[in-house]
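>>> return atomic coordinates for the entry below.
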Amino acid sequence: MAIIFFSLGLVSCSSTPPHIKPGNIVPVTLSRVFLASYEYTWAAALKECGRFSLKITNKDAGIIQTEDIVTFDDNYETAAARLNADPRTEIKYSIEIKITPLEQSDKYPRTGVSVTKYVAKLNEFGQERPVNSNMTDENTILYRIKRLLELERLKIERNRNF
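Residues are numbered from 1 along each chain as shown. Have a look, this model is predicted:
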């Protein structure tokens with residue numbers, strides 16, 4: 001059974017978690033379709049998210065969500081704004097991954113994976129202001145899931161040849 005060889009990029013909108021105020025910024029969801037079973041894709045996504053503290057891991061619903069992560073970062077402002085900004089600006093974000101089994105194409109199973117990052121900039125009083133994601137984490141997560149699926153496919157093929 002082939003695990004993966006193909007991914008297709010799509011972009012869509014998603015619902016907002018409670019710590020982001022609706023109406024300010026619409027989060028962007030980055031999606032890919034993998035030629036892999038739901039089981040393999042779920043395992044790869046869970047392995048990739050092992051570096052985060054997870055709030056939700058619901059395999060039946062196909063949802064993985066991180067706890068809120070607070071870090072110091074200034075990558076969410078323009079260069080001009082950074083000149084006058086405190087370089088130790090706090091950014092709060094969470095990442096949500098949705099995994100969806102799709103109809104089988106030919107003889108290969110297909111699974112959709114969507115990654116949404118909800119980002120808010122915190123001021124000195126801890127008040128949140130939603131900001132757009134720079135899309136780095138979303139692209140990295142999808143790339144790593146793809147890579148893990150490719151490695152699993154190679155492992156299965158190598159075991160067949162022995």
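>>> okay, which residue is most central for the chain?
Residue closest to the average C-alpha location in the chain (C-alpha atoms, centre = their mean): residue 115, at 3.2 Å.
>>> that one against residue 31, yeah?
Yes. Counting by C-beta atoms under 8 Å, residue 31 is a contact partner of residue 115 at 7.5 Å. In short, each C-beta sits where N, CA and C put it, glycine included.
>>> wait, what's in contact with the residue nearest to the centre of the chain?
Taking C-beta atoms under 8 Å, 6 or more residues apart in numbering, we find residue 115 in contact with 29, 30, 31, 95, 96, 97, 137, 138, 141, 142.
>>> apply 7 Å and report the result again.
Counting by C-beta atoms under 7 Å, 6 or more residues apart in numbering, residue 115 touches 29, 30, 95, 97, 138, 141, 142.
>>> show me what the second one is bridged to.
With DSSP bridges applied, the residues forming beta bridges to residue 30 are residue 11, residue 115.
>>> contact partners for it?
11, 115, 135, 138, 139, 142.
>>> try the last one
Contacts here follow C-beta under 7 Å, 6+ apart; on that basis residue 142 touches 30, 32, 113, 115.
>>> as JSON lines, these with distance to residue 121 and pLDDT would be great.
Below are those laid out as JSON lines (distance: C-beta to C-beta, whole Å; pLDDT from 0 to 100):
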{"residue": "30", "distance to residue 121": "21", "pLDDT": "94"}
{"residue": "32", "distance to residue 121": "28", "pLDDT": "96"}
{"residue": "113", "distance to residue 121": "27", "pLDDT": "97"}
{"residue": "115", "distance to residue 121": "20", "pLDDT": "97"}
